[in-house]
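[1] Provided below for reference: sequence and predicted model.
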Amino acid sequence: MRISDYIRLLLLAAIWGASFLFMRITVPEIGAINSAFLRVCFGFLGLAIILFILKCPFSFSGRFKFSLAIGIINSGLPFFMYCLAARWLPAGYSAILNATTPLMGALIGCSFFGERLTVRKWTGVILGLAGIMVITTIGRTQSTSGTIAGIITCLVATACYGIAGFLTHRWFSDQKELDPKIIALGSQIGATLFLLPFFAWSVVNNGSSINWLQRNIWLSILASGIICTALAYIIYFRLIADIGPLRSLTVTFLIPPFGILWGYIALGETLSSGYILGALIICISVWLVVSPPKSHKKMK
């Protein structure tokens, strides 16, 4: 990997780490469905504006349907899951669980995409599961049931990311001429269309009880949509094209420190000893999964 790839991974981690903070701000006020829909909707609008300013041709090279499907798997479902998790888990906790994405990617790749897991990677997967168990049994938030529900929704989201990474590589790796910004736009269209019926239902049933004129809510929504979605997915899809899906998923290894930092600065959140121990175990497990094997030089 080039230095520029590491810089993009670090920038992406900082941006996505902030997204957990924004969800913690918006979900208690307007709900999980509304938060997820408005994020992808403004992500779509932000991408459309960026592409219009850059005068990019709106050509999907016959991959429009695939882009829509990626949007559902990589944005619609996981964003909704993380918004649900924000009801029970602090931003730093969700960011830590987000780091299990490479573990999910390894398991899904082995099960469905012909990826081979070495003993080292299997060790990482088992350690990752142990880290999740530590977080579940030792780390406590408001209630055990709420903690478990939040963890389950986060794991569903990371499974979606794992599937989407391999599908993106399979469907778009041979389309070198297809601009990653176009793929990102199509994905947000798919996510917006997927969440639209749920958003409409939520507004009809609960819209009158929500104060839609809160300034901090709309600032968070705009930031999560334009920065954490539109800009972030341009960077992410370019990384997949440049360094592959599994290496791109290592961005989740870098997200927890930023998620914890932003949550501490903005909301005064702290971590229990159980979550710190579980996070360390997960970090080690992710390193085992994503780090390349050492090459052995022959003795002369």
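    Yep, it's here. Numbering: from 1, shown residues only.
[2] Could you list the low-pLDDT ranges of this protein?
    Residues of the chain that meet the criterion pLDDT under 70 lie in 136-144, 174-177, 245-246, 249, 271-272, 290-300.
[3] And Trp287, how far from Met1?
    With distances taken as CB to CB, to the nearest Å, Trp287 is found 15 Å from Met1. Placement of C-beta: from N, CA and C, glycine included.
[4] let me redo that: Ser187
    24 Å.
[5] between these two, which one's more packed in?
    Ser187 (31 against 14; other CB atoms under 10 Å).
[6] Enumerate every residue touching the more buried one.
    The contact partners of Ser187, by CB atoms under 8 Å, 6 or more residues apart in numbering, come to Ser67, Leu68, Ile70, Gly71, Asn74, Ser75, Tyr233, Phe237.
[7] any idea where the helices of the protein begin and end?
    In the chain, the helices defined using DSSP state H lie at 3-30, 32-54, 64-71, 77-85, 91-98, 101-112, 119-137, 144-172, 180-206, 215-222, 232-243, 245-248, 251-267, 273-290.
[8] Show me how far the third one is from its chain's centre.
    In other words, helix 64-71. What separates the centre of helix 64-71 from the centre of its chain is 17 Å, taken as CA atoms, centre = their mean, to the nearest Å.
[9] Could you give me the buried positions within that helix?
    In terms of neighbour count (16 or more other CB atoms under 10 Å), helix 64-71 has its buried residues at Phe64, Phe66, Ser67, Leu68, Ala69, Ile70, Gly71.
[10] Let me have those in a markdown table, extended by distance to Arg120.
    A markdown table is the format used below for the buried residues of helix 64-71 (distance: CB to CB, whole Å):
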| residue | distance to Arg120 |
| --- | --- |
| Phe64 | 39 |
| Phe66 | 33 |
| Ser67 | 35 |
| Leu68 | 37 |
| Ala69 | 32 |
| Ile70 | 30 |
| Gly71 | 34 |
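[11] ranking the helices of the chain by burial, who's on top?
    helix 91-98 (a mean of 30; mean count of other CB atoms under 10 Å).
[12] from what I can see Leu239 touches Tyr233, true?
    No. Here Leu239 lies out of contact with Tyr233, judged by CB atoms under 8 Å, at a distance of 10.3 Å.
[13] residue contacts, the closest residue to Thr100 other than its chain neighbours?
    Counting by CB to CB, 6 or more residues apart in numbering, Thr158 is the residue found nearest to Thr100 once chain neighbours are left out, at 5.0 Å. Thr158 makes contacts with Pro78, Leu97, Asn98, Thr100, Thr101, Leu103, Met104, Thr252, as judged by CB under 8 Å, 6+ apart.
[14] would you turn those into CSV with distance to Ala13?
    Formatted as CSV, these follow (distance: CB to CB, whole Å):
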residue, distance to Ala13
Pro78, 16
Leu97, 15
Asn98, 10
Thr100, 15
Thr101, 12
Leu103, 17
Met104, 17
Thr252, 8
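[15] For those residues, name the two members farthest from one another.
    The most widely separated members of these, counting by CB to CB, are Pro78 and Leu103 (15.1 Å).
[16] Report the contact partners of Ile75.
    Wrong residue type there; residue 75 is Ser, not Ile. Val40, Gly43, Ser187, Gln188, Gly190, Ala191, Thr229, Tyr233.
[17] gap between it and Tyr264?
    For Ser75 relative to Tyr264 (CB to CB), the value is 27 Å.
[18] try Phe199
    Distance from Phe199 to Tyr264, by CB to CB: 31 Å.
[19] Repeat that for Phe60.
    In terms of CB to CB, Phe60 sits 41 Å off from Tyr264.
[20] related to what we said a few turns ago, what is the most widely separated pair among the contacts of Ser75?
    Farthest pair in the contacts of Ser75, by CB to CB: Gly190 and Thr229, 12.8 Å.
[21] what are the phi and psi values for Ile210?
    Backbone geometry at Ile210, expressed as degrees, to the nearest 10, gives phi -110, psi 130.
[22] make that Phe58, sorry
    According to degrees, to the nearest 10, Phe58 has phi -90, psi 70.
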